[in-house]
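S.K.: Sequence below, structure please.
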Amino acid sequence: MLFLASRLCTSTQGGKKLERARDLFEQALANCPEDLAKPLFLMYAKLEEDFGLAKNAMRVYDRATRGVAAEERYEMFLLYISKVAETYGVTHTREIYERAIESLPDDTAREMSLRYADLERKLGEIDRARAILAHGSQFCDPRVCGGARMRTPGYLYRELLTRRCINCITWVLWDADATQVLASLA
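M.R.: Sure, this is the predicted structure:
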């Protein structure tokens with residue numbers, strides 16, 4: 001019903017009834033449980049992208065990262081990051097990555113830390129990537145690497161890096177020259 005109402009308000013009127021569609025979405029989201037909110041946020045953001053301002057769409061994506069169920073937050077952060085990177089550039093995604101790492105559970109915060117460190121490496125910010133990996137290593141059990149027990153601390157660097165486990169990468173970063181290790185990740 002909400003989808004049809006929003007489409008009628010915008011497509012038949014050429015976007016003239018945008019405020020009415022926004023009101024409909026705001027009313028629907030006000031009483032919507034978190035587990036059902038994701039499709040509404042996505043439709044609302046799409047409406048803002050098509051007929052509104054990019055800034056409003058980014059606000060909707062930002063609200064969605066807090067307003068959806070916990071198991072869907074990682075996906076919403078990834079979508080939000082991709083939209084911000086597409087609209088404003090990748091350097092504007094830093095604060096979103098930082099908020100994601102703070103608010104996500106440990107297993108997904110670990111993955112987000114790897115993505116963030118990879119972004120910083122691509123931007124040439126090696127020291128920043130190293131600090132992100134060091135921070136992200138707190139979300140890992142140091143005795144476990146990629147689900148398997150680490151046998152010896154003498155693992156070959158290449159094997160550690162191919163596992164893409166943040167503990168292994170952090171161990172390599174502290175044990176080797178960071179610029180050489182991060183360059184070999186590419």
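
S.K.: Please enumerate the strands of the chain.
M.R.: 144-145, 148-149 (DSSP state E).

S.K.: worst average pLDDT in the ones you listed?
M.R.: Of all those, strand 148-149 carries the lowest average pLDDT, namely a mean of 40.

S.K.: Enumerate every residue touching the residue nearest to residue 35 when sequence neighbours are not counted.
M.R.: The shortest distance from residue 35 to any non-neighbouring residue, by CB to CB, 6 or more residues apart in numbering, is to residue 69 (4.5 Å). All C-beta spots, glycine's among them, are computed from the backbone N, C-alpha and C. By CB atoms under 8 Å, 6 or more residues apart in numbering, residue 69 lies in contact with 34, 35, 37, 38.

S.K.: same thing but at 10 Å, please
M.R.: Residues near residue 69 by CB atoms under 10 Å, 6 or more residues apart in numbering: 33, 34, 35, 36, 37, 38, 76.

S.K.: again with residue 119
M.R.: Contacts of residue 119 (CB under 10 Å, 6+ apart): 81, 85, 90, 91, 93, 94, 97, 125, 128, 129, 132.

S.K.: Just those: which are in helices?
M.R.: Per DSSP state H, helices hold the following members of the contacts of residue 119: 81, 85, 94, 97, 128, 129, 132.

S.K.: per-residue confidence for the closest residue to residue 54 other than its chain neighbours?
M.R.: Nearest residue to residue 54, sequence neighbours excluded (CB to CB, 6+ apart): residue 87, at 5.1 Å. Confidence at residue 87, expressed as pLDDT, is 94.

S.K.: Could you report the neighbour count for residue 87?
M.R.: When neighbours are defined as other CB atoms under 10 Å, residue 87 has 13 of them.

S.K.: so it makes contact with residue 57?
M.R.: Yes. Counting by CB atoms under 10 Å, residue 87 does reach residue 57; the two are 8.0 Å apart.

S.K.: where does the protein dip in pLDDT?
M.R.: Across the chain, the ranges flagged by pLDDT under 70 are 1-16, 141-186.

S.K.: again, 80 this time
M.R.: Residue ranges of the chain with pLDDT under 80: 1-16, 139-186.

S.K.: any chance you could map the helices in it?
M.R.: Under DSSP H, the chain gives helices at 2-11, 18-30, 34-51, 54-67, 73-88, 94-103, 106-122, 126-136, 157-163, 166-175, 178-185.

S.K.: tell me the angle of the fifth one relative to helix 106-122?
M.R.: Orientation check (axes from the mean of the first three to the mean of the last three CA atoms, to 10 degrees): helix 73-88 against helix 106-122 gives 20 degrees.

S.K.: Show me what helix 73-88 packs onto, helices and strands only.
M.R.: Contact partners of helix 73-88 among helices and strands, from 3 or more CB pairs under 10 Å, 6 or more residues apart in numbering; DSSP states H and E: helix 34-51, helix 54-67, helix 94-103, helix 106-122.
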